[in-house]
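>>> sequence and predicted structure are below.
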Amino acid sequence: MSVLEVEHLSMAFADKQLYEDASFRLNKEDHMGIIGQNGAGKSTLIKLLTGSELPDEGTIKWQNKATVGYLDQYVKAGAGQTIEQFLHTAFAYLFKLADRQAQCYAQYALEPKDELLEEAGKIQEKLEAADFYEVDTKISQVMTGLGIDQIGTNKQVSECSGGQRSKIILAKLLLEEPDVLLLDEPTNYLDTEHIEWLTNYLNNFEGCFMVISHDFDFLEKITNCIIDVAFGKIIKYTGSFRSAVKQKEIKKEVQRKAYEKQRQQIEKDEDYIRRNKAGTRSTMAKSRQKRLDKMERITPPSDNLQAHFGFPYVNLMSSEVLTVQNLSVGYKSPLLAPVTFSMSHGEKIVLKGFNGAGKSTLIKSILGQIPVFGGTAKFVDAAKVSYFDQDLVWDDPNISPLQTIQNQFPKLEPKTIRQRLARAGLNASNAMKPMKLLSGGEQTKVKLCALELVPSNFIIMDEPTNHLDDETKHALRDALQAFQGNVLLVTHEPDFYDGWVDKIFDVAAARI
Ligand SMILES: Nc1ncnc2c1ncn2[C@@H]1O[C@H](COP(=O)(O)OP(=O)(O)OP(=O)(O)O)[C@@H](O)[C@H]1O
Ligand SMILES: [Mg+2]
C-alpha cells in the first residue's frame, strides 16, 4: 500500500477554499515536490498531514509505523541547548540505551548476576545495529554539509538567527532518518553549496519525501513526482519537475478554453432568456434557465492577484556611492578577512562567497547596525538606503498588514494602503487578517510593499526571494532591474540575478 493516502480532502478558511475533494497518494518510492502559488495552501497541507490542523472534510491515512519528520517554514526549538546538545537529541533513544547498559555493568560489579550481562549484551547488539558508535561522525558530516560547523557548535540554539535555527532543525531531522521527510521550503536559508549537499542527500535518501519549494532548479534535481496545489485542487504529476510543469500548462490551457467556451454559452443563454422571458418563446427561455441552473461551472484557471513592484528613486548626483575599506566584521571574532570594495552610481552587485551568517553580517555592518572590528563603510551623504532583511519578524504579529503599514506610515489613507497591498499581490481579505495567519509569501509581499513606500537610491536586499512564488520573483526582479539607483543583493538563486547585475562580488576571494 501507499505510505500515505489522502482522500476527499477539503479545507477552507472564511474567505478562501484551499482545496475541495482532493485525493492523492504518496508511495514509498516517491520523491515528491509540492508546488503552488503563495497562499495556495501548501504549508496548510503539511500541517494537515502532520495532524497539527484538522481538515474540514476527508481522511488522511498514514501507513502504520511510518515515522514522519517535519520541517516547518518558520522553526522554533532547542531552548536551553547548545547546537551540539540539540543535535545529539536526535539519538536520545540510543543514549538512553547506552546509559542503561552502563548501569547494568555497574550493578554487575556489585552483584554478579548473569541477567545483567545478558541485558547488556542485548543492548550492545541494538546499539551496533543502529550505528551508535558512528553517531559523532554522522553529526559532524551533516553539520559540515549544511554549514553548521561555521556557526560554532557551542552556540546556544536560542541565540541563533531564524535562518541558522532552520538549518539546525533540518540537520536534526536528517539525523533521525525517519521513513518520510516533510520539508517546507528547506532551501530558504541555505547557501548554494549547502543546497548542493542537501540535493545530494535527498537523492540518496531511501525513504520517501514531500518537499515544498519555490526553487525550481532544486525541485528539478530532487523530485520524481509533483503535486500542484492550485484552484482548489491537488493534482499529482509523475515524472520530472519540468515535465510536470508542461503537463500542467497543457491542463491549464484546456481548462482555459473550456472556461471560455462555457462563458460564451452562458452569456448567449442569459441574453436569450432576458429577451424572451415574457414573449412567445418563454417556454424555451425557461428551459434554458434550467440548463443554466444545472450547469456545473468551470472555474477560470487563474484568479490570483499578480504582484507588481516599483521602487521610487530619489535622484543622486554622485559617482561613488559606497566605499567599504578593510571592513572587518563578526560577532565575538572576525568572520572574514577584511573586505574592501566600492560601488559607483547605479551599480548593481550580488554578494556571494562564504557561508552562513557572513553575508547578512557584512550587510548589517555596512549599515552600521552592528559594531565592526575595524575598517570603514561610508555612504555618500545624499544616499538614501532601503534595507530588506532576511527574517520575517513583526513587532505585532496579531495586527493586519493594513494596520502594520498604517503604523509605519500614519499619514497614508487606508484606501491607498489597500491599493498598494493589492499591487504587491495581497488580496483584500489577506490585507485584513492578523499577520501571523498569512503564508510566508504573503508576509514577504507586505514587507516589500512597505519598502516601496519609501523613496531611495540604494536598495539592499538579503535573500528577498525566500518564500516568493515564481511569478512574484519575476515581478521583483523586473522592479530591481528597472531601479535607477544601486542594488546590493544577497541571493542563492542565480536565476534571479542572471543577466542584469553588473558584478558578482565573491567576498571569500575578496575580489570583484
Ligand atoms: N488560520 C487561518 N485563518 C485564515 N486564513 C488562513 C489561516 N491560516 C492560513 N490562512 C490563509 O490560507 C492560505 C494558505 O496558507 P498557506 O500557508 O498554506 O500557503 P502556502 O501555499 O504555504 O503559501 P507560501 O508559498 O506563501 O508559503 C493563505 O492565503 C493564508 O493567508
Ligand atoms: Mg508556505
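The structure has been received and is ready for your questions. Ligands and ions are numbered 1, 2, ... in the order given.
>>> and the residue in the stretch 1-150 of the chain that ligand 2 sits nearest to, backbone torsions?
As assessed by Cβ to the ion, ligand 2 sits closest to Ser43 within the stretch 1-150 of the chain, at 3.1 Å. For glycine as for every other residue, the C-beta is placed from the backbone atoms N, C-alpha and C. The phi and psi torsions at Ser43 (degrees, to the nearest 10) take the values phi -60, psi -40.
>>> that one touches Ser213, doesn't it?
No: counting by Cβ atoms under 8 Å, Ser43 does not reach Ser213; the two are 11.8 Å apart.
>>> can you list the weak-confidence ranges in the protein?
Applying pLDDT under 70 to the chain flags residues 72-78, 301-304, 353-357, 508-512.
>>> can you name the residue of it nearest to ligand 1?
Gly441 (2.6 Å; Cβ to the nearest ligand atom).
>>> that residue belongs to a helix?
Yes: checked against DSSP: H, G, I helix; E, B strand; the rest coil, Gly441 lies within a helix.
>>> give the contact list for it.
Gln37, Asn38, Gly39, His214, His467, Leu468, Asp469, Thr472 (Cβ atoms under 8 Å, 6 or more residues apart in numbering).
>>> likewise Ala258?
By Cβ under 8 Å, 6+ apart, the contact set of Ala258 is Ile298.
>>> name the element it belongs to?
Take DSSP states H and E as the rule and Ala258 turns out to sit in helix 241-276.
>>> so which bits of that helix are buried?
Neighbour counts over helix 241-276 (16 or more other Cβ atoms under 10 Å) mark Phe241, Ala244, Val245, Gln247, Lys248, Lys251, Gln255, Tyr259, Asp269, Ile273, Asn276 as buried.
>>> before we move on, back to that, any idea how far the residue of the chain closest to ligand 1 is from Leu170?
Computed with Cβ to Cβ, to the nearest Å, the distance linking Gly441 and Leu170 is 20 Å.
>>> pick the one among the buried residues of helix 241-276 closest to ligand 2.
Phe241 (18.0 Å).
>>> isn't the closest one right up against Asp215?
No: taking Cβ under 8 Å as the definition, Phe241 is not a contact partner of Asp215, at 10.4 Å.
>>> for ligand 2, what is the nearest residue in the stretch 201-350 of the chain?
For the stretch 201-350 of the chain, Cβ to the ion, closest residue to ligand 2: Ile212, 6.2 Å.
>>> run through who's touching the helix or strand hosting Gly121.
Assessed by DSSP H and E, Gly121 sits inside helix 114-129. With contact meaning Cβ under 8 Å, 6+ apart, helix 114-129 is reached by Leu94, Leu97, Ala98, Arg100, Gln101, Cys104, Tyr105, Gln107, Tyr108, Tyr133.
>>> counting neighbours, which bits of the host helix or strand of Ile417 end up buried?
Assessed by DSSP H and E, Ile417 sits inside helix 414-423. Under the neighbour-count criterion of 16+ other Cβ under 10 Å, helix 414-423 has Ile417, Arg418, Arg420, Leu421, Ala422, Arg423 buried.
>>> touching, the residue of the stretch 201-350 of the chain closest to ligand 2 and Lys42? I think so.
Yes: in this structure Ile212 lies within contact range of Lys42 using Cβ under 8 Å: 4.7 Å.
>>> so which of these two has more stuff around it?
Lys42 (29 against 24; other Cβ atoms under 10 Å).
>>> if I look at that one, how far off is Asn27?
Distance, Lys42 to Asn27, using Cβ to Cβ: 20 Å.
>>> now the stretch 251-400 of the chain against ligand 2: closest residue?
Per Cβ to the ion, Leu392 is where the stretch 251-400 of the chain lies closest to ligand 2, at 11.2 Å.
>>> and that residue, how far from Glu493?
Taking Cβ to Cβ, one finds Leu392 at 18 Å from Glu493.
>>> those two: which has the busier surroundings?
More crowded of Leu392 and Glu493, by other Cβ under 10 Å: Glu493, with 22 against 18.
>>> sec struct for the closest residue to the more buried one other than its chain neighbours, please.
Of all residues not flanking Glu493 in the chain, Thr465 sits nearest, at 5.4 Å (Cβ to Cβ, 6 or more residues apart in numbering). Under three-state DSSP, Thr465 falls in the coil class.
>>> can you name the residues that contact Thr465?
Contact analysis of Thr465 by Cβ under 8 Å, 6+ apart lists His214, Lys473, Leu476, Thr491, Glu493, Phe496.
>>> tabulate the residues you listed (a markdown table), appending distance to Asp506 and secondary structure.
Formatted as a markdown table, the contacts of Thr465 follow (distance: Cβ to Cβ, whole Å; DSSP: H, G, I helix; E, B strand; the rest coil):
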| residue | distance to Asp506 | secondary structure |
| --- | --- | --- |
| His214 | 25 | coil |
| Lys473 | 23 | helix |
| Leu476 | 23 | helix |
| Thr491 | 14 | coil |
| Glu493 | 16 | coil |
| Phe496 | 17 | helix |
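>>> Ser365 - how many residues pack around it?
Per other Cβ under 10 Å, the neighbour tally for Ser365 reads 22.
>>> once you drop chain neighbours, what's closest to it?
Nearest non-adjacent residue to Ser365 (Cβ to Cβ, 6+ apart): Val329, at 4.1 Å.
>>> would you mind confirming that that neighbour is in contact with Phe373?
Yes: using Cβ under 8 Å, Val329 makes contact with Phe373 at a distance of 7.0 Å.
>>> among the two, which residue is more densely surrounded?
Higher neighbour count among Val329 and Phe373: Val329, with 25 against 15, using other Cβ under 10 Å.
>>> which residues in the stretch 401-512 of the chain form helices?
With DSSP state H, counting those that start in this stretch as the criterion, the stretch 401-512 of the chain has helices at 401-408, 414-423, 428-432, 440-452, 470-482, 494-497.
>>> please identify the most buried of those helices.
helix 440-452 (a mean of 23; mean count of other Cβ atoms under 10 Å).
>>> what's the angle from that one to helix 470-482?
Here helix 440-452 runs at an angle of 20 degrees relative to helix 470-482 (axes from the mean of the first three to the mean of the last three Cα atoms, to 10 degrees).
>>> could I have helix 440-452 exported to PDB, CA atoms only?
The C-alpha coordinates for helix 440-452 follow below in PDB (Å, rounded to 0.1, in the frame of the first residue of the first chain):
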ATOM      1  CA  GLY A 440       5.300  33.100   4.100                       C
ATOM      2  CA  GLY A 441       5.000  34.500   0.600                       C
ATOM      3  CA  GLU A 442       2.100  36.800   1.700                       C
ATOM      4  CA  GLN A 443       4.100  38.200   4.600                       C
ATOM      5  CA  THR A 444       7.100  38.800   2.300                       C
ATOM      6  CA  LYS A 445       4.800  40.800   0.000                       C
ATOM      7  CA  VAL A 446       3.800  43.000   2.900                       C
ATOM      8  CA  LYS A 447       7.400  43.700   3.600                       C
ATOM      9  CA  LEU A 448       8.100  44.500   0.000                       C
ATOM     10  CA  CYS A 449       5.100  46.800  -0.100                       C
ATOM     11  CA  ALA A 450       6.400  48.800   2.900                       C
ATOM     12  CA  LEU A 451       9.700  49.200   1.200                       C
ATOM     13  CA  GLU A 452       8.100  50.600  -1.900                       C
END
